[in-house]
Structure formats: C-alpha cells, structure tokens
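Asker: show me how the following folds:
(chains A and B)
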Amino acid sequence: MNAMSIRVDATRLQQFQGKVVRVMGRCELFNTNDMRGKLESNGPIPIKSPSQILEAGKNYEIIGRIGSGDDLTVQVYTMTELSDDFNLEVAKKLVDFVHKVPELFYTT
Amino acid sequence: MDKFRYDLDGQGGFTGSSQDGTSQLRNPGTRRTITPITIKQLVEATQEVPDGDFVVNSLELNFVSIVAVVRKVENLNSSIAVGVEDGTGECEVRQWVNEQKSSPAEQEELLKKHLNKYVYIYGTIKEFGQKKNIQNPIIRAVEDSNQILYHYLGAINCHLKANGVFDNNKMSLPKDNTNNVAQDSSLFVKLSGGGLEDDVFNIITEFSPSLPEGVPCQLISTKLGISNDEVVEVLQSLMHSGRVFNGSGDDNYLPI
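Answerer: Numbering: from 1, shown residues only, chains lettered A, B, ... in the order given. So this is what the prediction gives:
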C-alpha cells in the first residue's frame, strides 16, 4: 500500500477527489447487502467497503480512495476501529490544522 | 544557528564556541523532551553536523515519538523489524531481541498483536544507510484513540513554535495564516474549561521540561492544595479536550 494518505473530512472530499485519503469518523449506517454505508466526519461521507463490515455507532479510521465527479463515495481499502470515546470535535480540528501545515503531512 | 556546542548528554568535550566568544550551554530540556513528529518529518530530517541533532523545518529533533499503524512484523532473528505508516510516510523500526527475556519468536508474536493497529513509538532519531530511523524504539499500543489526535496536534504545535508562527499565549495561529475551513484557529476544542483546568495545565507545562516522563498527579495535587481525585477529574477533562496526554504511565501527564 502506498503510505501516503491525506487526512480529510466531509468538507474536503471535493478538493481531494480521486486521491487516497484517511478519514476518522463515526459509522452512521452500514448495509451488508451492498456493503455501503455512511461515515460521519464533519458531515456525512458515503463509503463502500467491499471486504470489511463496519458497525453502525462505532468509530473508525478508514483509508480509501475518493471517487470523482458527482460520486464522491470513498472506496475503503482498510480500516481501523477507534475507541468509543473518540472525540470527533478534536478530529475535525486536526483535519483543519493538517491542511494549514501540509509540510508535516503530505506533499502537494 | 551555532553549530558547535558543548554536548551535555553525549561523551562530553568542547567542540567549539559560539560566535560571541562565550561558551554556550545547550538547554538540557531540549534534549530530554520527546518531540512528537510525523513520519514525513522523520524522513525529511537532516543533520547539520555529523552526530549533531537532526533538524526538520527549523525543529530540532533528538528524542522523538511517532504514532502510526503497524503494517508489517518480520522476525530477523536478532531483531524484529516493524513496518509502520501514518499516512504521511512509512518507516521500519527494529526492536532488538533480549534473549534472556524472550525468544525472537515470542517477541514477534507479541508485536504481531499490533498489526493494523495504532502504536506509539518513541526513541532517539538516528540515520543508518541514508535512512532515518528510531533507535532502541519503545513500542506501545494506543488504547485510547484520542492519543492519535493529541499526538498530531502536538506535532503541529512543536512545528509552529519552532518556526515562530505560533502565538504561545493564545495557543493559536495568527489570523492571516488561517486560510481554510477553520473558523476558530485555536488548537484546542473549547469545552467547559476554566480556572482550575488552566492552573493544572500551567503546572504540567511548567514541570514537563524537567519531568520528561510526565508530571505526576501527586505533584499537581500538592502544588494546588487540592485532592488527588479533584486533580484526576480535571486531568480527564484536559485529556478529553486534547490539552494533555499520558506520559510514561497512567499517572503522569504531559502537555500538548
């Protein structure tokens, strides 16, 4: 796996479409029939996880590729479960700051 | 920057003097503080002089910590290679096997439990074969995922301070540098907060340079003249808001 994945939330999907990203958020729903769901991360993010099942109500960090054009669904490559008390407000803050100091996090 | 100085933590001996002719002692706190960084910073760090400190974007690095996901564990018999990535880059750290304590296979099994999970790694930064690495790494599982957030916010904090961008008093970026989504440029989420939280935070900030393993709860309690339980309650709130994190143990705290 390419080690570079940019931290984003729902507000930055458009900006990084087509890129491999890292999203921390809470799974709002996940349908095991079509393996699609929604992750809440400063807004809803549509996800498709063909190989791993996410559980609604739990927090996850996913790594995946954002679609492009009208479909900004994130195709999940891998995920890590986060602890239940994970602070989504601080996570939102972190994403804001990551993009203010990209020299620490990614190459533009 | 003065490239020659008396090395307090090394083998001793003078290597030069500062430009104004007076010997300049390095602040021991600099070398004893664990600096949170990203793997990208680790990879991009350079040494100004052989055996000197590594520097990346004006930030001096010696003891460093990274928070990353374990992607590979490989038994090399005398050591276990652990491949990690944090989204900013990837690196491999090697944990040497102490055969008096455990066999390579046992240690490999222990480390394999961390596969695809976040770990906190700290140690000294070294270069070998033109690759930067963390020497004698201590690897611990991240059990509270908020530690991931605190680590990166800490890394940003150190970077901004080293570059003089950060306003130490306001703990925020100057307004002209906020060109993106954030409406509030403070590094911290505003929760209830208040006087006691600030008092506890100030004590942790004051004592952390001399207590790199973390400021013990007991010391805070003594300094403020309040009970240990009250301090623990405030510390939990500070941890929740991302202002402090656990040092070497559950009872020690370090500021971000």
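
Asker: residues of chain A that sit close to chain B?
Answerer: Neighbours of chain B within chain A, by C-beta under 8 Å from any C-beta of the partner chain: A:1, A:3-7, A:11-12, A:22, A:24, A:59, A:61, A:63, A:78, A:80, A:82-83, A:85-87, A:89-91, A:93-94, A:96-101, A:103-106. Where C-beta positions appear, they are placed from N, C-alpha and C, glycine not excepted.

Asker: and these, which of them are buried?
Answerer: A:3-7, A:11-12, A:22, A:24, A:59, A:61, A:63, A:78, A:80, A:82, A:86-87, A:89-91, A:93-94, A:96-101, A:104-106 (16 or more other C-beta atoms under 10 Å in any protein chain shown).

Asker: keep only those of the residues you listed that are in strands.
Answerer: A:Ile6, A:Arg7, A:Arg22, A:Met24, A:Asn59, A:Glu61, A:Ile63, A:Thr78, A:Thr80, A:Leu82 (DSSP state E).

Asker: got any ranges where the stretch 1-150 of chain B has weak pLDDT?
Answerer: For the stretch 1-150 of chain B, applying pLDDT under 70 flags the ranges B:1-32.

Asker: now with 90, please.
Answerer: Across the stretch 1-150 of chain B, the ranges flagged by pLDDT under 90 are B:1-33, B:47-53, B:58, B:62, B:77-78, B:97-102, B:126-133, B:135-136.

Asker: can you classify B:Asn98 by secondary structure?
Answerer: coil (DSSP: H, G, I helix; E, B strand; the rest coil).

Asker: cool, and A:Ser68?
Answerer: coil.

Asker: burial of B:Ser210, as a residue count?
Answerer: Counted with other C-beta atoms under 10 Å in any protein chain shown, the neighbours of B:Ser210 add up to 11.

Asker: swap in B:Glu143?
Answerer: Residues within reach of B:Glu143, counting by other C-beta under 10 Å, total 11.

Asker: please apply the same query to A:Asp71.
Answerer: Neighbour tally, A:Asp71, other C-beta under 10 Å: 10.

Asker: and it, what's its pLDDT?
Answerer: Per-residue pLDDT puts A:Asp71 at 94.

Asker: helix/strand/coil for it?
Answerer: coil.

Asker: a markdown table please, covering the ones in strands among the buried ones among the residues of chain A next to chain B and showing pLDDT.
Answerer: Formatted as a markdown table, those follow (pLDDT from 0 to 100):
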| residue | pLDDT |
| --- | --- |
| A:Ile6 | 97 |
| A:Arg7 | 97 |
| A:Arg22 | 97 |
| A:Met24 | 98 |
| A:Asn59 | 98 |
| A:Glu61 | 98 |
| A:Ile63 | 97 |
| A:Thr78 | 95 |
| A:Thr80 | 95 |
| A:Leu82 | 96 |
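
Asker: may I have stretch A:55-64 exported as PDB, CA atoms only?
Answerer: Provided in PDB are the C-alpha atoms of stretch A:55-64 (Å, rounded to 0.1, in the frame of the first residue of the first chain):
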ATOM      1  CA  GLU A  55     -20.700  -1.500  12.600                       C
ATOM      2  CA  ALA A  56     -23.100   1.400  13.000                       C
ATOM      3  CA  GLY A  57     -22.400   3.500  16.100                       C
ATOM      4  CA  LYS A  58     -18.700   2.700  16.200                       C
ATOM      5  CA  ASN A  59     -15.800   5.000  15.400                       C
ATOM      6  CA  TYR A  60     -13.400   4.100  12.600                       C
ATOM      7  CA  GLU A  61     -10.400   5.400  10.700                       C
ATOM      8  CA  ILE A  62     -10.700   4.300   7.100                       C
ATOM      9  CA  ILE A  63      -8.200   4.600   4.300                       C
ATOM     10  CA  GLY A  64      -9.600   4.600   0.800                       C
END
